[in-house]
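Peer 1: Return a 3D structure for these sequence lines:
(one chain, ligands or ions: 3)
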Amino acid sequence: MDDLKSSRLTRDGIRMHESGDFAGMRRAGSLAAGILDQVAPRIAPGVTTGEIDDFITRRVEEAGAISATIGYKGYQHASCISVNHVVCHGIPGAKVLKDGDILNVDITVIVDGWYGDSSRMFVAGKLGRKAERLIQVTHDALMVGIGAVRPGNTFGDIGHAIQTYVEAQRMSVVRDFCGHGLGRVFHAPPNVLHYGRAGTGPRLEPGMFFTIEPMVNLGRPETKVLSDDWTAVTRDKSLSAQFEHSVGVTENGCEIFTLSPAGRFHPTWA
Ligand code: MF3
Ligand code: CO
Ligand code: CO
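Peer 2: Ligands and ions are numbered 1, 2, ... in the order given. Just a heads-up that it's a prediction; the model follows:
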C-alpha cells in the first residue's frame, strides 16, 4: 500500500506530488544551485577537485542540509567532479585542474527531506573552441528537453527532443546513464532517457518531479566505468559534458527547481 497520503503513484510507479510539495523542492533546488554558484569563482588552474569537494561539503553543512551522495552506495563525497573525457561520477581527489580543463560538478542536497539535484559545467582558465561548442550544445540540449515537459507529452518526447537536437550538431548522446524521478527520495521511477521516440513512454502529469541530465560527447556515445567502480569515461577519450536540472511538471509546463540564483548556470555567464 502507498503509505504517503499526500500523493499517489501512477501505474508506472511514478509519484504524483501535491501542489504544496513544490515548495519543498524549491528550497532544496535553490540550495543546490546556490552552492554551485559559489563554486564558480573557485575554479581555476592549480585547484584540485578534492578542494572543490571540501568547499561543497562545508557549504552543505553550513546550510544545515545533508549531502545525498555521502554514504550513497558507498560513495564518500559531497559531489561528483567529472573532468574532460569523464562522462559522470568522477571522484574528487588529488587531481589538479589545468588551463583549458572543462568539468562537471554534480551535487545533491537534502533539505527537510526533499532532494535537490543539479550539475553544470565549469572551465579552468581559457575555454577552447571545441569545448565551448560542446558545452553550448549540451546546455541547449537540456533546455530543449525541458521545453518538452508539459502535461500530455510523454517521457519519450523529452528524449526525442534532446537526441534530435544533439545529433543535428554532429555530437552524440550518452545512452548508459539517464535522469530519474526524485522528491523525498534520490532515485525513483521513471528512468528519464535522453534519447528515444516521440510519443512513447509514460505520459507527463502535473506533480511529477524528475531530473533531466543529458551527457553529450564530441565523439562516440559509448562509455566504460573505471576500476574504481564509479568513474565513467568515454571509450574513445573524446570530451564529454553534462548539465542537470531538477524539474516539476505543472498544469501548463514545468517549474525548474534548480535555477541559478546568480544567473551563473552556464560557464560563460559567470
Ligand atoms: N547526482 C547524481 C545524479 O545526477 C548521482 C550521483 S550518485 C554518487 O543522479 F554516488 F555518485 F554521488
Ligand atoms: Co540526477
Ligand atoms: Co546529479
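Peer 1: so where do the helices sit in this structure?
Peer 2: 21-39, 49-62, 129-147, 155-168 (DSSP state H).
Peer 1: Return the set of residues that bridge with the residue nearest to residue 149 when sequence neighbours are not counted.
Peer 2: Nearest non-adjacent residue to residue 149, counting by C-beta to C-beta, 6 or more residues apart in numbering: residue 254, 4.0 Å away. Backbone N, C-alpha and C define where each C-beta goes, glycine included. Beta bridges link residue 254 to residue 249, judged by DSSP bridges.
Peer 1: Residue 254 against residue 247, yeah?
Peer 2: Yes - under the contact definition of C-beta atoms under 8 Å, residue 254 touches residue 247, with a separation of 4.7 Å.
Peer 1: Around residue 181, how many other residues sit close by?
Peer 2: Residue 181 has 20 neighbours, counted by other C-beta atoms under 10 Å.
Peer 1: Would you confirm that it contacts residue 189?
Peer 2: Yes - contact status for residue 181 versus residue 189: in contact at 5.2 Å, counting by C-beta under 8 Å.
Peer 1: Between the two, which contacts overlap?
Peer 2: The contact sets of residue 181 and residue 189 overlap at residue 14 (C-beta atoms under 8 Å, 6 or more residues apart in numbering).
Peer 1: residues shared between the contacts of residue 254 and residue 247?
Peer 2: With contacts taken as C-beta under 8 Å, 6+ apart, the residues that reach both residue 254 and residue 247 are 146, 149.
Peer 1: Determine which member of the two has the greater number of neighbouring residues.
Peer 2: Applying other C-beta under 10 Å to residue 254 and residue 247 shows that residue 247 carries more neighbours, namely 25 against 22.
Peer 1: now that one: how far from ligand 1?
Peer 2: Residue 247 sits 13 Å away from ligand 1, taking C-beta to the nearest ligand atom, to the nearest Å as the criterion.
Peer 1: Can you read off the pLDDT for that residue?
Peer 2: Per-residue confidence at residue 247 stands at 99 (pLDDT).
Peer 1: these two touch, right, it and residue 148?
Peer 2: No - applying C-beta under 8 Å, one finds residue 247 not in contact with residue 148, separated by 10.9 Å.
Peer 1: Find me the pLDDT at the residue nearest to residue 149, would you?
Peer 2: On pLDDT, residue 254 comes in at 98.
Peer 1: how long is stretch 163-179 end to end?
Peer 2: One end of stretch 163-179 sits 14 Å from the other (C-alpha to C-alpha, to the nearest Å).
Peer 1: Give me the contacts around it.
Peer 2: 87-88, 133-134, 137-138, 140-141, 144, 162, 191-196, 210-223, 232, 240, 244.
Peer 1: Next, the contact list for the closest residue to ligand 3 within the stretch 151-270 of the chain, please.
Peer 2: Using C-beta to the ion, residue 244 is the residue of the stretch 151-270 of the chain that sits closest to ligand 3, at 4.9 Å. Shown in contact with residue 244 (C-beta under 8 Å, 6+ apart): 106, 117-120, 142, 179, 211-213, 258.
Peer 1: where does the residue nearest to residue 40 when sequence neighbours are not counted sit relative to ligand 1, distance-wise?
Peer 2: Excluding its sequence neighbours, the residue lying closest to residue 40 (C-beta to C-beta, 6+ apart) is residue 270, at 4.5 Å. Noted for residue 270: a distance of 21 Å to ligand 1, by C-beta to the nearest ligand atom.
Peer 1: In space, what's closest to residue 24 - neighbours in sequence excluded?
Peer 2: The nearest residue in space to residue 24 (C-beta to C-beta, 6+ apart) is residue 114, at 3.8 Å.
Peer 1: Look up how far residue 257 lies from residue 22.
Peer 2: For residue 22, the distance to residue 257 equals 8 Å [C-beta to C-beta, to the nearest Å].
Peer 1: repeat for residue 32
Peer 2: As defined by C-beta to C-beta, residue 32 lies at a distance of 8 Å from residue 257.
Peer 1: try residue 74
Peer 2: Distance from residue 74 to residue 257, by C-beta to C-beta: 27 Å.
Peer 1: Those two: which has the busier surroundings?
Peer 2: Set residue 74 next to residue 257 and count neighbours by other C-beta under 10 Å: residue 257 wins out with 27 against 7.
Peer 1: of all the residues in the stretch 151-270 of the chain, which ones are close to ligand 1?
Peer 2: Residues of the stretch 151-270 of the chain lying close to ligand 1 (C-beta under 6 Å from any ligand atom) are 211, 213, 244.
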